[in-house]
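*Asks:* model this:
(2 chains)
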Amino acid sequence: MYHRPSTLEETLALLARPDVNTMPLGGGTALNGLALEVPEEVVDLQALHLNQITRDGPLLRFGATARLQDVVDHEWTPPLLRDLAHAEAPNTLRNAATLGGTVATADPESGLLAGLLAHEAAVSIAHVGRTEEVALSDLLADRNRLAGGLITSVQIMLGGAGAWERTARTPADTPIVLVAGHRTEEGDVRLAATGVAPAPMVIDVGDIDELDPPSDFRGSSEYRSHLAAVLAARVVTRLTDGDGS
Amino acid sequence: MKINVVINGDAYTPDCQPHESLRTVLRREGFYSVRFGSETGETGAAAVLVDGRLVSADVMLGVQADGHEIETVEGMAPRMSMHPIQEAFVATGAIQSGYSTPAMILATKELLDRNPDPSEAEIRDALSGILDRETGYLRPVMAVQRAAAALRGEAVPDIQVAVVPPLSYDLGGETIGDPSGLPAVFPKVVPHPEVPETTVVGKPEFKVDALKLAKGNPAFVDDIEMRQMLFAKVLYSPHAHARIVAIDDSKAVALPGVKAVLHHENVPRVRYASGGQSYPNPLPYDQVSFDNKVRYVGDRVAAVAAESIEIAEEAISLIDVTYEVLPAVFDEVEAIEEGAPVIHDEDGMEGAHDASRNVVHHISADVGEVDASFEQAHRVFEQTFRVHQVQQTPIEPHIAIAYWDSDERMVIRTSTQVPFHVRRMVSPLLGLPVKQIRIIKPRIGGGFGAKQEMLIEDIVGHLTMATGRPVRYELTREEEFVSSRTRHPQTITYRTGVDAGNRLVAQEMRVVANTGAYGTHGLTVQMVSGLRGLSSYKSPNKRFRCDVAYTNLPVPGAYRGYGAPQALFALESHMEDVAHELNMDALEFRRMNWTTVGDPIDVAPQLGEGEPDDDFIPVVTSSGIEECVAQGERAIGWHRRLDPDWKTPSDKPHIRRGLGFAMCMHGSAIPGLDMGAASIKINDDGSFNMLIGATDLGTGADTVLGQIAAEVLGVPLDDIVVYAADTDMTPFDTGAYASSTTYISGMAVKRAAEETRKLIVDRAALMLDESPGAIELRDRHAWSTDGRSVSLADIALSALHQEQQHQIMGTGSYVSPESPPPYAAQFAEIEVDIDTGQVTVKSLVMAVDCGVPINPVTSAGQVEGGMVQALGYGHCEEMAYDDNGRMVNARFGPYWIYRADEMPRIDTYLVQTMEKSGPFGAKAIAEIPKDGVAPAIRNAIADATGARMDAIPFTPERVWRALQSS
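*Replies:* Numbers count the residues shown, from 1 in each chain, chains lettered A, B, ... in the order given. Purely as a prediction, here's the structure:
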């Protein structure tokens, strides 16, 4: 069953039904393509006009149905997020996949999520009768916070500088480990990585030894830990040498 | 539900199910240019424009498109004309199989609509969502550049050959200008003085199938609609090794819409070997259509035909199978050890060397006195290498449609490289005589050996026999990875003895090969490994020993290169390291020892090429290897390997740079076995129908063969109407494999054309009152020596309608006693991140001697695309398994094939030699590009870092570990 509601209220009502397995449909690259879970019903978000990218002073708000290509193309998108949104998928999928979908599916290998974590992104989640703002890091750690709700936007504070480093089989391949870093204008550095845990996560240079990454055919746990240390050091060097952008 | 969409400017209201992809909906509406490559959208073969944005229609639901505007390539140009973008794709040679060409053309349109003058990086980004297994992306990028220029109103040059001056010989007074200023789209050819002038041969003619491919016209297996057609699905084994104790199909049979459920209890048990090879197929016959045992995860259990794919899928899930799970073995060395699980323990197992030890074949070849020579050698070196399993990944997976025609003959329209073998092989399985079967190969979307197999034709045939209705079966992408065919893994040991002057005195190659659950090409692939692994260098004493092991892995089969890429990775790595140990320049060491004109190819008769008892030892009849090396060295900048500032850049402390080389030698067809045939007849207007058995799988074979005919008949290529690979209509051909089509089928065409030409000349002599010896054919006319002429059209009208009427028609067939080797020099430039092990390939250069390239554009395309496939083999692709033998990365993302926006520089030189035995001097080119890339990269890594890899692929962790231990 397919729904295309035109109001948020209708959408939330459809999603909140306890007896019908219903999923929101952004671009479809994950839901239709990967068929991670086959829902009984889908709620297409395209008529909600949640695709706007807006700015309020230093607060940059990406509407949840902004496509990854919209994130790449928008003049306000910081270079770190532009690069990582671009690296996320080829054009045929960037033109469909949405930022909200990227957050909702919590792809463990999403460099863009690592970049958003480094930017201390927050996620707005609408529920019937209320909207809450959750730190992306908290949402990735506990995806139950999304249950019955809908991501409406993802927001970051502009300013500072970013840098990223990755190791992959080929230049455009999904990285085995990726480290994204952001330095605020006050000089605080925050790092996040993919490939070291079941989901992208914030890491601390001092605690990399404590990581216990999952192994797969592209990288053992030991190797991934090694990469995290090497790449984190490079990102920090670039951020502190002023090489970041 | 009904949706409202505008497609190419017209309003449509198709009915669609909520779960159906936009691809499915568009195809059902007749937009066949939107093609299946994968369910997950990465291939982009189904990319369309939605409100002007390029989107993969695999991952978009039809219902999501409600209210939107869609563009497909069908909307771009009216009949009998092409859009400038389509013209550019044709002219540059950007089209091989053409399966994904419509998507690329739409990507180009989308890009140029918003950016009329894009940079190369922007072009590559625009093509990044469309995977191409064929061109290496070079010519598609050139096509976009050419289209952009044309749409900006600029003049675009006619495509010509860029003639490159030879470096190692002179042309006898002829001088050639500097080609470096010519457009990169011109294929680079180094001429040879012995090659005669030709009119059509040697020219960059457009492909004869270009129009239908550029326009996305229905031309592939799936592009026909059959009324009452059923859809097949196959239940595949979830276990690597198990007996089927019981199978209960009652729930599946009872499901409404299910028309047949087949498995080992209701299909006759007829033993066969699935490899598409000449009669008699090599033993063992170790497969049946459905067995009571499964031998790998992905093995067949049962098949269903139903009214829809969804019903068929549901029926599959309702088949209740009780398995007795058996221990499994995956490694080839472990499989032949004492106590390993026996994979083929069934009754009637014949033709395997020792099935009780999982040794399906034991192959040996000996030349000279090997043991004595090793004892007398000045120094002896031994090394062991491991090569892994990869998949061909044609973007069009295996697909076949079977139906009864009105004469109640079985027609199978299938994506195959071997239509005639399929007809012969499927006949006993279906219990139908050959005369009652017709196999049609339409355009196919790549094969690379995976389709040199009778893989699914028996399934659709059985289901059509069971139901009386047309049945279609298409593999999913995961099934294509797991349940079709792959490249053989091998463990390879080389031992080489040299004398005090560093010349080879003995060389031994020992291989344990992994043929997975079934033999299929297990014998012949490994014979080619031995042949190619022991033919590049002249050693008077040689030995090949090979055990081919059954394991519980998905089945290896034919993959472009056919045993040579495995062998040459090991050989060229070994030769590099022997030279290193000898303190010699690795290229000089090879040069001292490589074979050249007159040298015997002495292991060939023992390894399937000729009769072992025969005294005939083939010799090298032409070689351009010296010139290939000279061109390649210049193009890659070989001198930089001695420049420490370049190799260790001061601004990138963790980067090391290196250059590597590999020498390649291949073959042109299987001598004494591969056969091609052709017939040519004249039409009223002096054009010709050419019927050939040869199987163009995107390579341009139909075009090259047409050029050969056109050259002989004195007409332009577009006067030759080519029809191919239909067992009812065309003469026999063994099929598209073993680098045989240009060399073998080309000679067959040449003979057929010469016979036709003789009849034309006789008729012209009659009409001009001349002796036939004085008649020449050119420019669509027959000319007398005194300058009088009669057109071919008048000749045809005379012969068909007016005087002493008869059909001017010629036939020809050809089998070659020899297999002249193409040679090539492969160079690679790489960077290694020594802290992470990440290898970045910066540049690949191949200079190849394929004799005379009949079509330099399609030849260059073969090299470019082949090199990129070989790059994947060496650098990133691997089939990875869990402990239970289940492939964990059977999807394009985690498997990874190279994308347009991450390609190294690719450079190709076609070095002419005049191969007297080939048509107009041609040798083969299709497979040799697969041979040298992995060892060249490996040797470049050694050059950069000192790490000497003994296994592929060079993924970051493997290289990092090698760096740790070196």
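
*Asks:* CA atoms for contacts and neighbours, from now on please.
*Replies:* Will do.

*Asks:* which residues does the residue nearest to B:Glu350 when sequence neighbours are not counted contact?
*Replies:* What sits nearest to B:Glu350 in space, not counting adjacent residues and going by C-alpha to C-alpha, 6 or more residues apart in numbering or on different chains, is B:Pro284, at 6.0 Å. Under the criterion of C-alpha atoms under 8 Å, 6 or more residues apart in numbering or on different chains, the neighbours of B:Pro284 are B:272-273, B:349-352, B:360, B:519-520.

*Asks:* Tell me how far B:Pro284 lies from chain A.
*Replies:* Distance from B:Pro284 to chain A, counting by C-alpha to the nearest C-alpha, to the nearest Å: 34 Å.

*Asks:* do the same with B:Ser745
*Replies:* 38 Å.

*Asks:* What of B:Thr840?
*Replies:* Going from B:Thr840 to chain A by C-alpha to the nearest C-alpha gives 7 Å.

*Asks:* Name the helix or strand for that residue, please.
*Replies:* In this structure, B:Thr840 sits in strand B:839-849 according to DSSP states H and E.

*Asks:* So which elements touch whichever helix or strand comes after that strand?
*Replies:* Downstream of strand B:839-849, the first helix or strand assigned by DSSP H and E is helix B:856-875. Contacts defined by 3 or more C-alpha pairs under 8 Å, 6 or more residues apart in numbering or on different chains; DSSP states H and E place helix B:856-875 against strand B:905-911, helix B:933-945.

*Asks:* among these, which is nearest B:Arg656?
*Replies:* Closest to B:Arg656 of the helices and strands packed on helix B:856-875 is helix B:933-945 (C-alpha to C-alpha; 5.4 Å).

*Asks:* what does the stretch 101-250 of chain B put close to chain A?
*Replies:* Residues of the stretch 101-250 of chain B lying close to chain A (C-alpha under 8 Å from any C-alpha of the partner chain) are B:125-130.

*Asks:* Among those residues, which lie within helices?
*Replies:* In this view, those that belong to helices under DSSP state H are B:125-126.

*Asks:* got a markdown table for the residues of the stretch 101-250 of chain B next to chain A, with neighbour count too?
*Replies:* As requested, those are exported to a markdown table (neighbours: other C-alpha atoms under 10 Å in any protein chain shown):
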| residue | neighbour count |
| --- | --- |
| B:Asp125 | 19 |
| B:Ala126 | 27 |
| B:Leu127 | 29 |
| B:Ser128 | 27 |
| B:Gly129 | 29 |
| B:Ile130 | 28 |
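
*Asks:* The residues of the stretch 101-250 of chain B next to chain A into a markdown table, with extra columns for pLDDT?
*Replies:* Listed next are those as a markdown table, based on pLDDT from 0 to 100:
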| residue | pLDDT |
| --- | --- |
| B:Asp125 | 98 |
| B:Ala126 | 98 |
| B:Leu127 | 98 |
| B:Ser128 | 98 |
| B:Gly129 | 98 |
| B:Ile130 | 98 |
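
*Asks:* out of the residues of the stretch 101-250 of chain B next to chain A, which one sits closest to B:Leu910?
*Replies:* Nearest to B:Leu910, judged by C-alpha to C-alpha, of these is B:Leu127 at 26.8 Å.

*Asks:* show me what contacts the closest one?
*Replies:* Per C-alpha under 8 Å, 6+ apart, neighbours of B:Leu127: A:91, B:104, B:107-108, B:900-901.

*Asks:* what's the helix or strand hosting B:Leu463 packed up against?
*Replies:* Under the criterion of DSSP H and E, B:Leu463 resides in helix B:457-467. Helices and strands touching helix B:457-467, as assessed by 3+ C-alpha pairs under 8 Å, 6+ apart, comprise strand B:258-262, strand B:300-306, strand B:399-404, strand B:410-414, helix B:419-430, strand B:471-474.

*Asks:* what sits up against the longest one?
*Replies:* Counting contacts by C-alpha under 8 Å, 6+ apart, the residues outside helix B:419-430 that touch it are B:268, B:270, B:272, B:274, B:276-278, B:289, B:433-434, B:437-441, B:453-454, B:457-458, B:461-462, B:695, B:725-727, B:732-735.

*Asks:* Now do B:Gly610, the pLDDT please.
*Replies:* Note on B:Gly610: pLDDT of 62.

*Asks:* whoops, B:His19 was the one
*Replies:* B:His19 carries a pLDDT value of 89.

*Asks:* again, but for B:Ala57
*Replies:* So, for B:Ala57, pLDDT stands at 97.

*Asks:* who's in contact with the lengthiest helix in chain B?
*Replies:* In chain B, with assignment by DSSP H, the single longest helix is helix B:746-768. Defining contact as C-alpha under 8 Å, 6+ apart, one finds that helix B:746-768 is touched by B:676-681, B:692, B:704-705, B:708-709, B:712-713, B:770-772, B:775-777, B:782, B:784, B:788-790, B:792, B:795, B:799, B:808-814, B:918-919.
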